[in-house]
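Novice: structure of the sequence below:
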Amino acid sequence: MLKDTACKDLQDTVSDLLLYHRSVLDILSKNQECSAKLQRSIIKAVTSCGCIKIDAQKDKIPQDATLPDLKHILNTHIKGNLCHSCRENIEDEIGRLLFYIAALCNSLDIDLYDVMIKEKQNLKTLGIYNLA
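Specialist: Numbering: from 1, shown residues only. Modelled structure (predicted):
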């Protein structure tokens, strides 16, 4: 099977560029930091910009609902759409997170594409029961 070039290119680029935080401990801490920044960017889209709103409440699930019905019943709780600025900021934070995920894969000699394929197979095999 041919390797996905986008994943390989990302891992190769990360390997070429990552100098200062090469220790797996640095990579883990940077990954956590990037995750926190991503969450903060989403929160700022709500609290500072206001382009999206979180309207969270308990979902009302009918007694006769089936598991496939839940996809249409359960809510993301997000109202509105990201403005250009917030979308760009969140995409940047996701990119940084991907950078450190690729760095972690590199340091552990794991192929990111293989992980993606394995996860996709798990999802296809177990379906909605995978995440239970």
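Novice: what strand or helix carries the residue nearest the centre of the chain?
Specialist: Residue closest to the mean C-alpha point of the chain, counted by Cα atoms, centre = their mean, is I94 at 6.8 Å. For I94, the host element (DSSP states H and E) is helix 84-107.
Novice: rewinding a little: which residues touch the residue nearest to the centre of the chain?
Specialist: L38 (Cβ atoms under 8 Å, 6 or more residues apart in numbering). Quick note: C-beta positions are derived from backbone N, CA and C, even for glycine.
Novice: now do it against E88, distance only.
Specialist: From I94 across to E88, the span is 11 Å (Cβ to Cβ, to the nearest Å).
Novice: and what of Q57?
Specialist: On the measure of Cβ to Cβ, Q57 and E88 end up 30 Å apart.
Novice: not counting the helix or strand bottoming out on mean pLDDT in the chain itself, show me its contacts.
Specialist: One helix or strand of the chain scores below all others by mean pLDDT, DSSP states H and E: helix 67-73, with a mean of 81. With contact meaning Cβ under 8 Å, 6+ apart, helix 67-73 is reached by D59, I61, P62, A65, I128.
Novice: picking up where we left off before, compare Q57 and E88 (neighbour count), which wins?
Specialist: For Q57 versus E88, neighbours defined as other Cβ atoms under 10 Å are more numerous around E88 (12 against 7).
Novice: and that one, what's its pLDDT?
Specialist: According to the prediction, E88 has pLDDT 98.
Novice: residues contacting it?
Specialist: Residues in contact with E88 (Cβ under 8 Å, 6+ apart): none are found.
Novice: how about 10 Å then?
Specialist: Listed by Cβ atoms under 10 Å, 6 or more residues apart in numbering, the contact partners of E88 are S41, L82.
Novice: now it: how far from I61?
Specialist: On the measure of Cβ to Cβ, E88 and I61 end up 36 Å apart.
Novice: nearest spatial neighbour of A102, chain-adjacent residues omitted?
Specialist: Once flanking residues are discounted, A102 sits nearest to V14: 4.2 Å by Cβ to Cβ, 6 or more residues apart in numbering.
Novice: average pLDDT for the helix or strand hosting the one you found?
Specialist: Using DSSP H and E, V14 sits in helix 5-17. Mean per-residue pLDDT for helix 5-17: 90.
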